[in-house]
Structure formats: structure tokens, C-alpha cells
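>>> Pasting a predicted model and its sequence here:
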Amino acid sequence: MCPKSRLVPKYYIPLGIWARLSASQLDMIITKEASTEEKQQALCSITKYFQYILKLNIESGGMILFRNFDSELRLEHLNVVATKSLGLTINQICRLLKYTSLDDTPLDFSIKIQDDGELMKIYKEFEEWLDNISSVKETIAYFHCYNKLMFHELNSIYMPWYGKKAPQIPHKCEKVFQTFKYLEKLELKKDKGKISKSEYKERKEEGEEDLNKFILEFF
């Protein structure tokens, strides 16, 4: 049994669940005329995801758990890119974490937004970001892959007890991971002076175009 198995029900499973809920709610918002309540519920789910990230980092210093170290790196990368694509600053996320709680229901969360001018300002910026469909789709894809990879690794850990193999990671997520790796190697080549500036720029643009193309496969 993994020495950090106590973290599984406490943090890892909730992280996977809230990533999935965040993706589902954002997807619903861009496919229909969403109400203010539904938009605030999506922000509530995203906030809970970050609350679990924060608590996990405080307690354990990060995700040092899985047998497959590449998966740990992928999860961390997905968290970083999802945060960047979300359209909220680190200070805004920190304020959401400071003035809300894991115990908050969506109604509690909405009431806090109404009662706090800064939280309302953050929500309004989030609401504006929802009109940036390409960024929203990017965030959905990253949360979706986070959920799939998290539960794939958890099922791999407990496979002897379940008596069956973990579900395969969707091919579209694998293509996203491969593009991440390609872009990371490209950065290393640039830092070591093994590639010209013009070639680096050209290949980076190609990699980012591929990534955008793969993200569209989620919809």
C-alpha cells in the first residue's frame, strides 16, 4: 500500500472530482444561455479545486505519490496551464481561497460574492472571461485531462484490489501530453543554445497550433 494513501480520499479523489465538475459546468455554460447562478456555481467548483490544491501542498508539499513520476509531472503541468488559461490572477485566486471555505455550498458561495465587493469584482471578471470561448475550451480540456489522469493513476495503485486494469487515458489527452513534452524539450534546446531563435519560434508556433487543434477534439 502506498505510504501516502491517506492523501487519496482526503485530497486526490476530491481533486479529480472537482476538476471534472469544473469542466462539466464550464462546458454547459458555453453550450447554452447560462444563468448567473450557474456561472457562480462554476466559479465555486473551480475555487474548491484550488482549495484542495492548496491544502495538499500545505500538508505534503505536493503530489509525491504515484508510481509513474511522469504522471505527477503531467498533473502539475495541467494545473499550471489550467490556471493560466482561466483568466484569473494568482492574487484573485488567493482572495477566493481566503474568503471562502470547503464547507461552502454553492448558495453560501453566491452570498459571499454578493456581500464582498472584491469577490464580486473577481466574479465579474470571470463572467467576462466566459465570453472568451477559446480560453474556456482550453481550460475545460485541461481539467478533463486532469480528471482522467488522476483516476487512471489511482486505479493503477489499487489494481491488485480491484482485480482489473485501470481505464485507458483518452487518446486526445495523450496527444495533449505529448505536445507538452515536445514544447518542454524545445525550451531546453533553446536554453542550451542548441537551436536558433528563428527555428525555435517557428517550431514553438507549430507546437502551439497542434495543441490548439487537439483541444478542439474535446468538443
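That came through fine.

>>> Let me know the secondary structure of Q40.
Judged by DSSP: H, G, I helix; E, B strand; the rest coil, the three-state class of Q40 is helix.

>>> pLDDT score for it?
Here, the pLDDT recorded for Q40 equals 95.

>>> Distance-wise, check it relative to K181.
Distance of Q40 to K181, given as C-beta to C-beta, to the nearest Å: 36 Å. (C-beta placed from N, C-alpha, C; glycine too.)

>>> which of the two has more neighbours?
Q40 (22 against 14; other C-beta atoms under 10 Å).

>>> Could you double-check that that one sits in contact with L107?
No - counting by C-beta atoms under 8 Å, Q40 sits too far from L107 to count as a contact (9.5 Å).

>>> Next, count neighbours for F219.
The tally of other residues near F219 (other C-beta under 10 Å) stands at 11.

>>> Would you check that it makes contact with K137?
Yes - counting by C-beta under 8 Å, F219 touches K137, with 6.1 Å between them.

>>> and Y200, how many neighbours?
Neighbour count of Y200, defined by other C-beta under 10 Å: 15.

>>> ok, and the helix or strand in this protein with the lowest average confidence?
In the chain, no helix or strand scores lower on mean pLDDT, DSSP states H and E than helix 159-162, which sits at a mean of 52.

>>> Which other helices and strands does the helix or strand following it contact?
Counting by DSSP states H and E, the next helix or strand C-terminal to helix 159-162 is helix 171-191. Using 3 or more C-beta pairs under 8 Å, 6 or more residues apart in numbering; DSSP states H and E as the contact test, the elements touching helix 171-191 are helix 69-85, helix 133-157, helix 197-216.

>>> Now do the contacts for the residue located most distally from the centre of the chain.
Within the chain, the residue lying farthest from the chain centre (C-alpha atoms, centre = their mean) is S196, at 32.5 Å. By C-beta atoms under 8 Å, 6 or more residues apart in numbering, S196 lies in contact with nothing.

>>> Give me the pLDDT for it.
91.

>>> Look up how far K189 lies from it.
Applying C-beta to C-beta, the value for S196 to K189 is 10 Å.

>>> can you list the domain ranges for the protein.
7-167, 170-219 (automatic domain parsing).
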